[in-house]
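[1] could you look at this predicted model? Sequence included:
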Amino acid sequence: MMEGMTQDKSAPRAPRYFVLEQYLLKNGSQPGRVHAFFEKGVLPARRRLGLPAPAVVMEALVAVHMPQVACVTPYASAGQWMESWARLAADGGYREALAAMEAGEEAPYEQYSEVLLEAAPYTPPLPASLPAQAQPRVFELRLYHSPTERQLKALHERFAGPEIQIFHRCGIHPVVYGSTLAGPHKPNLVYLTPFDSLAAREKAWAAFSADPEWAKVRAESIARHGQVSSVIQISLYRAAAYSPLR
């Protein structure tokens, strides 16, 4: 800490972990049932119990499996994540919402998964809200798979150095950065970015691709470390109407 500066203990802290939940669905009653479960069960129960709540709940616009509902929840520790599920399971209101989602002969979803992400050191504190707008925002989820842990380290160093600064200059402002601790496609970097619209997303990425500093940074990275991301997965989501961030 620089001389003369004092730490602001009231300032929000960035989460240490994120959990990405994905509900893979089929057309019909499943999407509505899962959304009702989140809106009337998960969010109220977590607030009632003082537990971390999903920062964003989304439905897929472009993804490998559609329809799909996904959410990202921040945690201070992996233990807090495990404790949250135990406390939810003991909550009557949560159990009622779960039973309503599971009622009937048809399963409420085709597949459900959770991925535990360790937040990158450069992850910013999550915003409490985003500026209001008429239409739900678009959220882009990107996963960069690195060939080795060594190259993942180089990828994180590139992000923490010049890349994020170029992002911000071009209108790209991710709210989540992390790497998978428990889940598929390891080693990787995962990040989530809100955009006001699909058009705003296209404009921002076009500016980034054309940025001369980015071209220099990328060339230097490849010369030193090779291709630090060998596979890129991109999914686009729309924020649910009841999502805290939307």
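    Alright, I've got the coordinates.
[2] quick check: L152 touching H185?
    No - using C-beta atoms under 8 Å, L152 is not in contact with H185; the gap is 11.3 Å. Glycine gets a C-beta too; all of them are placed from N, C-alpha and C.
[3] more neighbours: which of the two?
    It is L152, of L152 and H185, that has more neighbours when counted by other C-beta atoms under 10 Å, with 20 against 14.
[4] residue contacts, the more buried one?
    For L152, the contacting residues are 146, 179, 187-189, 228, by C-beta atoms under 8 Å, 6 or more residues apart in numbering.
[5] where's it, which helix or strand?
    Take DSSP states H and E as the rule and L152 turns out to sit in helix 149-158.
[6] with E118 instead?
    strand 111-119.
[7] and that strand, average pLDDT?
    Mean per-residue pLDDT for strand 111-119: 97.
[8] where does V72 land in three-state SS?
    strand (DSSP: H, G, I helix; E, B strand; the rest coil).
[9] ok, it touching P52?
    No - counting by C-beta under 8 Å, V72 does not reach P52; the two are 10.7 Å apart.
[10] the more surrounded of these two?
    Neighbour count, other C-beta under 10 Å: between V72 and P52, V72 has more, with 25 against 17.
[11] okay, that one: pLDDT?
    Reported pLDDT for V72: 98.
[12] repeat for A134
    Per-residue confidence (pLDDT) for A134: 87.
[13] who touches it in this structure?
    With C-beta under 8 Å, 6+ apart, A134 has no contacts at all.
[14] cheers, nothing more for now.
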